[in-house]
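Enquirer: Below is the sequence, then the predicted model.
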Amino acid sequence: MLRFSIVLALALFSQWALAAVNLNTATKEELIALPGIGPAKAQAILDYRKTNGAFKTVEDLKDVKGIGAKRFEKLKGELTVTPAAARAASMPVRGATSAKGDIHAADAVARK
């Protein structure tokens, strides 16, 4: 039983350790959890994203002030960027209706 518990814990930990941080959706706390990223760098990433829009590639992170080549090399394996098309496909369409013809609640509020 102990051996099973250890194997299970290692399997769960390895999945968690391999999870990539999406630059386009990461919170400040998720960014701070990355090696070499503190609160100031995390805020710089968020500010860059707000000013310039979504990251198109992980390499775009090098455009953020304070992220140099060395820091980027340490981070790139832990980062991902969801393509804009994939994000758009998962978002509800404004004014869309369900199969029953009901308007989404957010759209009903917006229309008032």
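Expert: Now that the structure is in, tell me what you want to look at.

Enquirer: helices and strands of the protein: which one bottoms out on pLDDT?
Expert: Lowest mean confidence among the helices and strands of the chain (mean pLDDT, DSSP states H and E): helix 105-111, at a mean of 45.

Enquirer: wait, what's in contact with Ala69?
Expert: By Cβ atoms under 8 Å, 6 or more residues apart in numbering, the residues touching Ala69 are Lys62. For the C-beta atoms, the positions are set from N, CA and C on the backbone; glycine is no exception.

Enquirer: can you tell me how far it sits from Ala19?
Expert: 25 Å (Cβ to Cβ, to the nearest Å).

Enquirer: again with Phe55
Expert: 17 Å.

Enquirer: in this structure, which spans are strands?
Expert: With DSSP state E as the criterion, the chain has strands at 21-22, 79-80.

Enquirer: so what strands line up beside the last one?
Expert: In the sheet, strand 79-80 lines up against strand 21-22 (parallel) (DSSP bridges).

Enquirer: Show residues contacting the strand it pairs with.
Expert: Residues contacting strand 21-22 (Cβ under 8 Å, 6+ apart): Glu30, Leu31, Ala33, Leu34, Glu78, Leu79, Thr80, Val81, Thr82.

Enquirer: so where do the helices sit in the protein?
Expert: 2-18, 28-32, 39-52, 69-75, 84-90, 105-111 (DSSP state H).

Enquirer: what about the longest one, average pLDDT?
Expert: Going back to what we said before, that points to helix 2-18. Averaging pLDDT along helix 2-18 yields 50.

Enquirer: Also the fourth one?
Expert: Helix 69-75 shows a mean pLDDT of 94 in the predicted model.

Enquirer: Buried residues in it, which are they?
Expert: Buried residues in helix 69-75, counted by 16 or more other Cβ atoms under 10 Å: Arg71, Phe72, Leu75.

Enquirer: now, among these, which is nearest to Leu61?
Expert: Phe72 (6.0 Å; Cβ to Cβ).

Enquirer: And Phe55 and Ala19? Which one has more around it.
Expert: The neighbour count for Phe55 versus Ala19, taken as other Cβ atoms under 10 Å, is higher for Phe55 (22 against 10).

Enquirer: Before I go, just wanted to say thanks for your time.
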